[in-house]
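Colleague: turn this into a model:
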Amino acid sequence: MASTLVSRMMNRIFEVERGKGDSARRVSEAEVDVEYTIKKIETNDEELKNFLFTLGCYEGEKLTVISILAENYVITVKDARYSINSELAEAIII
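Modeller: Numbers count the residues shown, from 1 in each chain. Now for the predicted structure:
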């Protein structure tokens, strides 16, 4: 019984630590109510990059996903809330 509990605890700790790692992922893969740092904007579309920049989405800025509904992501950046679609969420690397 004790070994089962220890095993479950170790697996949970590993999962949490793995989530904290430096592995790059996209906003579309983010968890709700967790603060992330934007690592880069990955797109070839300059207009999309410029639009995200006007929202405050650029390297080093903090971002939090507030909710996800029907492939729309409500995020906060610099104390402002925005609703972005899945195309924009795919371009932001956290």
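Colleague: for the chain, just list every one of the strands.
Modeller: Applying DSSP state E to the chain gives strands spanning 35-37, 40-41, 62-69, 72-77, 80-85, 92-93.
Colleague: tell me the buried residues in the first one?
Modeller: Put plainly, it is strand 35-37. For strand 35-37, the neighbour count (16 or more other C-beta atoms under 10 Å) marks Tyr36 as buried. For glycine as for every other residue, the C-beta is placed from the backbone atoms N, C-alpha and C.
Colleague: contacts for it?
Modeller: Residues outside strand 35-37 that contact it (C-beta atoms under 8 Å, 6 or more residues apart in numbering): 27, 30, 60-65, 94.
Colleague: please pick the buried ones from the residues you listed.
Modeller: For the contacts of strand 35-37, buried by 16+ other C-beta under 10 Å: 27, 30, 63-65, 94.
Colleague: using PDB, write out the CA atom coordinates for stretch 42-55.
Modeller: Output in PDB follows, covering the C-alpha atoms of stretch 42-55 (Å, rounded to 0.1, in the frame of the first residue of the first chain):
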ATOM      1  CA  GLU A  42       6.500  31.800 -35.000                       C
ATOM      2  CA  THR A  43       4.900  32.800 -38.300                       C
ATOM      3  CA  ASN A  44       6.000  34.000 -41.700                       C
ATOM      4  CA  ASP A  45       3.100  36.400 -41.900                       C
ATOM      5  CA  GLU A  46       4.500  39.900 -41.000                       C
ATOM      6  CA  GLU A  47       1.000  41.300 -40.700                       C
ATOM      7  CA  LEU A  48       0.200  38.700 -38.000                       C
ATOM      8  CA  LYS A  49       3.400  39.400 -36.200                       C
ATOM      9  CA  ASN A  50       2.600  43.100 -36.200                       C
ATOM     10  CA  PHE A  51      -0.900  42.600 -35.000                       C
ATOM     11  CA  LEU A  52       0.300  40.400 -32.100                       C
ATOM     12  CA  PHE A  53       2.900  43.100 -31.300                       C
ATOM     13  CA  THR A  54       0.200  45.700 -31.000                       C
ATOM     14  CA  LEU A  55      -1.500  43.500 -28.500                       C
END
